[in-house]
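Asks: Please find the sequence and the predicted model below.
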Amino acid sequence: MTPYARRGVHGQTVEALARRILGGEIPEGATLDLVALQSELDVSLTALRESLKVLAAKGMVDARQKRGTFVRARADWNLLDADVLRWQFEGGGATGAEWSLLRNLAEVRAIIEPAAVRLAAERRTEADLLLLETAVEAMGREEADPGHAVDADLAFHRALLAATHNELLERMEMVIESGLAHRDRIVHSSPHSEDPVPAHRAVLDAVRDRDPQAAETAMRALLDQAGRDLARLDGPEDSPEAGIGTDGSGTDGSGTDGSGTDDTKGSGGQ
């Protein structure tokens with residue numbers, strides 16, 4: 001599904017309502033006071049109703065006769081929707097809820113990307129390799145600012161999923177990308193993240209060599225490095241800094257505690 005457009009009063013109203021719901025300001029089960037919201041957001045009732053239709057399509061709100069418009073239970077929300085993910089990550093600061101979401105993302109990536117890279121190694125085309133190579137080169141440019149580094153990392157993982165030539169896996173970029181971008185921005189705030197280029201280069205080389213096992217091993221190493229980068233940052237005790245390895249054990253997948261003693265600095269995109 002294409003992410004919802006953020007521009008204009010309509011888009012801004014959708015995001016304002018979504019963030020209030022996701023942040024708990026408007027709790028699950030609450031009936032919305034449309035007149036009050038119209039006044040607070042300074043929008044027409046028509047614009048407000050149109051915005052609520054967007055959230056209804058994402059499972060966040062519903063309307064019933066006599067009850068009115070209300071917030072549905074979180075279990076009904078489409079948490080895999082790209083907008084819902086983005087709204088949670090862009091809510092501000094690295095909150096406990098965001099750390100929990102990053103942990104969930106790390107687990108999803110550990111399941112999807114090692115398997116996806118095996119397919120990429122078997123099915124990649126020269127065009128796929130060009131996109132991957134371009135992303136790695138952009139990632140390694142010394143003059144690249146954090147924003148460009150994030151874009152390069154996203155381009156690499158997008159190209160990797162595309163190289164599987166599996167339409168469903170390609171759509172997983174919508175799930176992974178929002179969280180990955182947020183993770184990258186957090187990591188870029190630290191000067192102690194590891195250089196991401198060698199890990200991405202190892203994945204690319206294995207894909208180029210059409211070696212599925214080597215590609216999977218390289219991807220797991222990349223994900224372990226991503227976990228170590230987050231582990232260096234401050235966060236709640238139950239945050240990813242406790243270490244999410246690719247085996248889901250809380251280690252780096254090699255039997256160590258994933259503490260990451262390497263002091264190498266880099267752009268940190270994984």
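Replies: Perfect, I can see it now. Numbers count the residues shown, from 1 in each chain.

Asks: Check whether the spatially most distant residue from the centre of the chain sits in a helix, strand or coil.
Replies: Within the chain, residue 66 marks the point farthest from the mean C-alpha position, 38.6 Å out by C-alpha atoms, centre = their mean. The three-state assignment at residue 66 reads coil, by DSSP: H, G, I helix; E, B strand; the rest coil.

Asks: Pull up the per-residue confidence for it.
Replies: Residue 66 carries a pLDDT value of 92.

Asks: wait, what's in contact with residue 179?
Replies: Residues near residue 179 by C-beta atoms under 8 Å, 6 or more residues apart in numbering: 85, 89, 101, 102, 105. The way it works is simple: take the backbone N, C-alpha and C, and place the C-beta from them, glycine included.

Asks: The fourth one and residue 185 touch, don't they?
Replies: No - counting by C-beta atoms under 8 Å, no contact exists between residue 102 and residue 185, whose distance comes to 11.3 Å.

Asks: quick one: which of those two has more around it?
Replies: residue 102 (23 against 18; other C-beta atoms under 10 Å).

Asks: what's in contact with stretch 59-73?
Replies: The contact list for stretch 59-73, computed with C-beta under 8 Å, 6+ apart, reads 18, 21, 26-32, 34, 52, 55-56, 76-78, 84.

Asks: Mind checking which of those are in helices?
Replies: Mapping these onto helices (DSSP state H) picks out 18, 21, 34, 52, 55, 56, 84.

Asks: Narrow the residues you listed to those that are buried.
Replies: If you count burial by 16 or more other C-beta atoms under 10 Å, the buried members of these come out as 18, 21, 52, 55, 84.

Asks: got JSON lines for those, with distance to residue 177 and pLDDT too?
Replies: Output for these, formatted as JSON lines (distance: C-beta to C-beta, whole Å; pLDDT from 0 to 100):
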{"residue": "18", "distance to residue 177": "18", "pLDDT": "96"}
{"residue": "21", "distance to residue 177": "22", "pLDDT": "95"}
{"residue": "52", "distance to residue 177": "26", "pLDDT": "97"}
{"residue": "55", "distance to residue 177": "21", "pLDDT": "98"}
{"residue": "84", "distance to residue 177": "13", "pLDDT": "92"}
